[in-house]
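Enquirer: I'd like to go over a predicted model; first the sequence, then the structure.
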Amino acid sequence: MRVAVVGAGLAGLTAAARLTEAGAEVTVLEARDRVGGRTHGIEVAPGSWADAGAAYLGDRHTRLTELMSELDLKATPTGMVGDSRFELGHGADTRHGRFPPLNAVALGDLFDRLADVTATIRADAPWLTPDAAALDATTAAEWLENGLPHPDARLFFPLFLGEMMAADPADVSVLHMAFYLRSGGGIRYLNAFEGGAQQDRVDGGAHQICERLAVNLDVRLGQPVRSIESTDGGVTVTTDSGPHRADAVVVAIPPVLADAIDIRPRPAVPRSTERTAPGCAVKVHIIYPAPLWRDHGLSGWSVNAYGPLLSTVDDSPTDGPGVLTGFVTGTEAHRFAALPAAERRAAAVAQADRLFPFLPEPIGFHVTDWVGDEFSRGCYAALFGPGDWTRLGPTLTERHHRVHWAGTETSTEFFGLMEGAIRSGHRVAAEILTLY
Ligand SMILES: Cc1cc2nc3c(=O)[nH]c(=O)nc-3n(C[C@H](O)[C@H](O)[C@H](O)COP(=O)(O)OP(=O)(O)OC[C@H]3O[C@@H](n4cnc5c(N)ncnc54)[C@H](O)[C@@H]3O)c2cc1C
């Protein structure tokens, strides 16, 4: 059996590895000149790497941790020792722990309401949730507007969604928001460092997973797939270099990009709609000689309501320089990404100086713009807007002739995360091995 795989991210490569192990002849066609997709490493000092894409994992990410151990990769704890910094009102505040200095009752109400709506979701098929039509018709911004009058809840909610999903509340339906939180293990788990989804990082960078997976696979780089044609006898997958014939094809790319491929026969239901928004995140790395905030009893964690960096976290590599990672998300990501390089640097460094006034001039500065990236078109994952789950959900994993779908956006478990991508790769490989 011959299988073509479109996309050398975690989903495509785990599918390719499983299929190859089972004896299939697999060719992976990757648009970029590197593997890894939304996992990507940057060398912040000689031999020290930071994650420009996905970074964090937790103990419930079982397929990811199994894969890491097969590939001889280790997890390292995300250092979160010390106090947090907040810029949510006038000036900067230092607090023990990560609970923001805002009205506790208002935030309690917000989290109770989020927990209530999340608990109603049918995690395996959100479009079959009892109240799906109403939840899918309303944006998270409208949900906030109608039920949470306290200014502190209104201030904090967009920050929370920006951090959790790289989403602007106006872009996602309540159904998608609640599904995402449920699929990732619930609000508490998704939001937590110790014991939660941000507990660890991949030592040396998450990009190594795909690099190591690719070693034993036939991966062709620089091959954006333009068209796919299924017939009774097989499938033809065409890149700028020509056609590839196979018995089946796995399309393991974000939904908006899948819709850009000319697929024949044409699927009755697309992979995305005009309401499917890109997750909006720009990741900023500010490099210092050492993680100096630790000497001042600070963890490096901060939350800011006024931008450009929504939050910062200490991502310093073991035995490397100090790396302060900043996340710019939601609408601010578009504004920030459009600034000239010098202005982006000035704004981000000025914010770091306000938060951590003892810091010296950085020794390095990197911006990774996922919003403008041609082969990701946003991150952490696609955002399903109003109506999307009702329309797209039922065919999310349903094969179309010889075309099979994978990618984190096809996983109802850990949707949007590395774990979801790997689970989708396993699912699609099993599907193909059963059918052909
Ligand atoms: C900044 C950022 C932070 C994140 N944080 C986390 C985190 O902390 N923890 C976590 O678990 N997840 C996180 N994620 C999400 C995680 O990276 C993704 O869920 C996961 O990597 C998606 O894998 P995938 O294989 O589904 O898709 P992708 O990684 O997007 O792979 C798709 C591949 O297909 C290629 N491609 C696209 N179009 C074509 C085409 N036409 N032809 C051929 N190839 C094509 C792309 O170049 C890419 O290599 C983050 C992502 C980003 C970007």
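Expert: In hand now; what should we look at? Numbering: from 1, shown residues only.

Enquirer: ok, now which ones touch the residue nearest to residue 238 when sequence neighbours are not counted?
Expert: Excluding the flanking residues, the one nearest residue 238 by C-beta to C-beta, 6 or more residues apart in numbering is residue 227, at 4.7 Å. Glycine gets a C-beta too; all of them are placed from N, C-alpha and C. Residues near residue 227 by C-beta atoms under 8 Å, 6 or more residues apart in numbering: 236, 237, 238, 261, 262, 263, 264.

Enquirer: which of the residues you listed fall within strands?
Expert: 236, 237, 238, 262, 263, 264 (DSSP state E).

Enquirer: need the pLDDT of residue 91.
Expert: Residue 91 is assigned 81 on the pLDDT scale.

Enquirer: now for the contacts of residue 227, which sits with the most neighbours around it?
Expert: In terms of neighbour count, residue 237 stands highest of the contacts of residue 227 at 25 neighbours, by other C-beta atoms under 10 Å.

Enquirer: partners of it in the sheet?
Expert: residue 228, residue 244 (DSSP bridges).

Enquirer: so it makes contact with residue 243?
Expert: Yes: using C-beta atoms under 8 Å, residue 237 is in contact with residue 243, at 7.0 Å.

Enquirer: next, the residue in the stretch 101-250 of the chain that the ligand sits nearest to: phi, psi?
Expert: Residue of the stretch 101-250 of the chain nearest the ligand, by C-beta to the nearest ligand atom: residue 225 (3.7 Å). Phi and psi for residue 225, reported as degrees, to the nearest 10, are phi -80, psi 130.

Enquirer: what's around it, how many residues?
Expert: 26.

Enquirer: that one contacts residue 240, correct?
Expert: No: counting by C-beta under 8 Å, residue 240 is not a contact partner of residue 225; they are 9.3 Å apart.

Enquirer: can you give me the helices in the stretch 151-300 of the chain?
Expert: Ranges of helices within the stretch 151-300 of the chain are 151-165, 174-183, 187-191, 207-214, 255-258, based on DSSP state H, counting those that start in this stretch.

Enquirer: which residues of the stretch 201-350 of the chain lie near the ligand?
Expert: 224, 225, 252, 253, 254, 257, 261, 281, 283 (C-beta under 6 Å from any ligand atom).

Enquirer: check which helix or strand residue 63 maps to.
Expert: helix 62-70 (DSSP states H and E).

Enquirer: list the buried residues for whichever helix or strand comes after that helix?
Expert: Per DSSP H and E, the first helix or strand lying C-terminal to helix 62-70 is strand 75-77. Judged by neighbour count using 16 or more other C-beta atoms under 10 Å, the buried positions of strand 75-77 are residue 75.

Enquirer: now residue 329: closest residue in space, sequence neighbours ignored.
Expert: residue 162 is the one closest to residue 329 (C-beta to C-beta, 6+ apart), at 3.7 Å.

Enquirer: would you map the strands across the stretch 1-150 of the chain?
Expert: 2-6, 25-29, 41-45, 48-51, 56-57, 75-77, 83-89, 91-95 (DSSP state E, counting those that start in this stretch).

Enquirer: neighbouring strands - and their directions - for the fourth one?
Expert: On the basis of DSSP bridges, the sheet neighbours of strand 48-51 come out as strand 41-45 (antiparallel).

Enquirer: which of the helices of the stretch 151-300 of the chain sits closest to residue 54?
Expert: Nearest to residue 54, of all these, is helix 207-214, at 9.0 Å by C-beta to C-beta.

Enquirer: how big is the angle separating that closest one from strand 25-29?
Expert: Angle, helix 207-214 to strand 25-29, by axes from the mean of the first three to the mean of the last three C-alpha atoms, to 10 degrees: 140 degrees.

Enquirer: output the contacting helices and strands for helix 207-214.
Expert: helix 10-21, helix 62-70 (3 or more C-beta pairs under 8 Å, 6 or more residues apart in numbering; DSSP states H and E).

Enquirer: between these, which gets nearest to the ligand?
Expert: When the helices and strands packed on helix 207-214 are compared (using C-beta to the nearest ligand atom), the closest one is helix 10-21, at 3.4 Å.

Enquirer: quick one on the thing from earlier: what residues does the residue nearest to residue 329 make contact with?
Expert: 168, 310, 327, 329, 330, 332.

Enquirer: find the centremost residue of the chain, please.
Expert: By C-alpha atoms, centre = their mean, the chain has its centre lying nearest to residue 380, at 2.4 Å.

Enquirer: quick one: residues contacting it.
Expert: With C-beta under 8 Å, 6+ apart, residue 380 has these contacts: 38, 54, 165, 166, 279, 281, 416, 417.

Enquirer: around the second one, count how many other residues there are.
Expert: Right, residue 54. With other C-beta under 10 Å as criterion, residue 54 counts 28.

Enquirer: repeat for residue 97
Expert: Other residues lying near residue 97 total 10 when counted by other C-beta under 10 Å.

Enquirer: again, but for the one 4 residues further on
Expert: Residue 101 has 14 neighbours, counted by other C-beta under 10 Å.

Enquirer: quick thing: my sequence starts at 642, can you match it?
Expert: Understood, numbering begins at 642; the last thing we discussed is residue 742.
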